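Colleague: predicted model follows, preceded by the sequence.
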Amino acid sequence: MVDRSARLHAFERPDYLREPEPALPDRHFATRLSPWRRLTSVTAVRQVTLLVLLAAAWQLYGAWLGNDLVLPDFAKTAAAFWHGIIDGPLLLRAWTSIRVLFLGYAIAIVLAAAVSLLAVASRVGNDVLALFTAMFNPLPAIALLPLALLWFGLGEKSVIFVLVHAVLWPLALNTHTGFLGVSQTLRMTGKSFGLKGPRYALLLLVPAAFPSILTGLKIGWAFAWRTLIAAELVFGVSAGSGGLGWYIYENRNQLEIANVFAGLLAVILIGLAMESVVFRAIERITVRRWGMQT
């Protein structure tokens, strides 16, 4: 027990020797700022604010430039975008691009999973994946389009071929890296519970390596989306029709520059939706819920 005289002595210390008491928070100040802090803490609010500022800068610069053949202002672009959705073929072209993209993306996911599992299961598979990723990953997918046209003709098959190439190698590389990063302790724990073969891969390797797999999915999506638009700018998707890239190309030939920017705006919005809605939802219900990311 502390002696009473020692407590009195401590109590009678001069002011300059006493430890300062912690300052209490100003509740009125915290209450006044809490709604603003809550508002600015939302990622969507910050992103929408940035988009509004960019649109305002675009409108001011376009109005100051006064040349619709070079840069129509944001209001004219928004009007062209609205008319393209309501009266024009913009929605149909967007759906054509998305449908072809998802076909190639799904095929690439299946192939990347098979190649990555083969690389984990055997040394030969690991050597094959390392060699093929070193050879084909730096090769631009759009460079294979002329060969794809010779092999598959003018149509969706050629575009799907280059999309698979764009997605397969970065996704397989990230998936394989994630598999190699799974700790030996976790591997031994899974085997002690009797996990073997496909169950071992699906129930242990894939969840443990999913942050790396999700990164590969994002990179593959970005590569595939750029490759698709670039391919459609020249060849369309099939004879007589096309997607967003072909829509941009047609309006450029007709000097409908507002429609060109409307097509570019559609490309950007779809990319933002995939990143901000789809991939963020997958991240929230997987790696964040599992405690792999904060």
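Modeller: Looks like it came in fine. Numbers count the residues shown, from 1 in each chain.

Colleague: contacts and neighbour counts: CA atoms only from here.
Modeller: Noted.

Colleague: residue contacts, the nearest residue to Gly181 once chain neighbours are set aside?
Modeller: Distances taken as Cα to Cα, 6 or more residues apart in numbering put Ala209 closest to Gly181, at 7.2 Å, once the chain neighbours are dropped. Contacts for Ala209 (Cα atoms under 8 Å, 6 or more residues apart in numbering) come out as 175, 178-179, 181-182.

Colleague: buried subset of those residues?
Modeller: 175, 178-179, 182 (16 or more other Cα atoms under 10 Å).

Colleague: for the residue nearest to Gly181, give me phi and psi.
Modeller: With angles defined as degrees, to the nearest 10, Ala209 sits at phi -100, psi 10.

Colleague: among the contacts of Ala209, name the ones in helices.
Modeller: Among the contacts of Ala209, the residues falling in helices (DSSP state H) are 175, 178-179.

Colleague: return the closest of those with respect to Ile282.
Modeller: Using Cα to Cα, Thr175 comes nearest to Ile282 of the ones in helices among the contacts of Ala209, at 16.3 Å.

Colleague: shaky segments in the protein?
Modeller: 1-36, 38-43, 236-241, 291-294 (pLDDT under 70).

Colleague: if we can go back for a sec, in the buried ones among the contacts of Ala209, find the pair that's most separated.
Modeller: Largest pairwise distance in the buried ones among the contacts of Ala209, by Cα to Cα, is 11.2 Å, between Thr175 and Val182.

Colleague: ok, and the closest non-adjacent residue to Leu65?
Modeller: In this structure, Leu65 finds its nearest non-sequential neighbour in Leu71, 7.7 Å apart by Cα to Cα, 6+ apart.

Colleague: name all residues that make contact with that neighbour.
Modeller: Here Leu71 is in contact with 62, 65, 257 (criterion: Cα under 8 Å, 6+ apart).

Colleague: also Thr133?
Modeller: 169-170, 173.

Colleague: tell me the one of the residues you listed nearest Phe81?
Modeller: Pro170 (33.4 Å).

Colleague: how near is Val115 to Pro138?
Modeller: 18 Å (Cα to Cα, to the nearest Å).

Colleague: more neighbours, those two?
Modeller: More crowded of Val115 and Pro138, by other Cα atoms under 10 Å: Val115, with 22 against 11.

Colleague: ok so, going back, who wins for neighbours among the contacts of Thr133?
Modeller: Trp169 (26 neighbours).

Colleague: you'd agree Pro72 is in a strand?
Modeller: No: counting by DSSP: H, G, I helix; E, B strand; the rest coil, Pro72 is not found in a strand; it is coil.

Colleague: that one contacts Gly62, doesn't it?
Modeller: Yes: counting by Cα atoms under 8 Å, Gly62 is a contact partner of Pro72 at 5.7 Å.

Colleague: show me which of the two is the more surrounded one.
Modeller: Using other Cα under 10 Å, the more surrounded residue of Pro72 and Gly62 is Pro72, with 23 against 19.

Colleague: residue contacts, that one?
Modeller: With Cα under 8 Å, 6+ apart, Pro72 has these contacts: 62-63, 66, 257-258.

Colleague: which members of the residues you listed are the farthest-apart pair?
Modeller: Ala63 and Ile257 (14.9 Å).

Colleague: out of those two, which sits in the more crowded spot?
Modeller: Neighbours per residue (other Cα under 10 Å) separate Ala63 from Ile257, with Ile257 holding more: 21 against 16.

Colleague: any idea how far the more buried one lies from Ser97?
Modeller: 21 Å.

Colleague: now Gly216
Modeller: Distance from Gly216 to Ser97, by Cα to Cα: 21 Å.

Colleague: following the helix or strand containing Phe261, which helix or strand shows up next?
Modeller: Phe261 is part of helix 257-273, with elements assigned from DSSP states H and E. Note on helix 257-273: by DSSP H and E, the next helix or strand toward the C-terminus is helix 280-283.

Colleague: and Thr185, how many neighbours does it have?
Modeller: 9.
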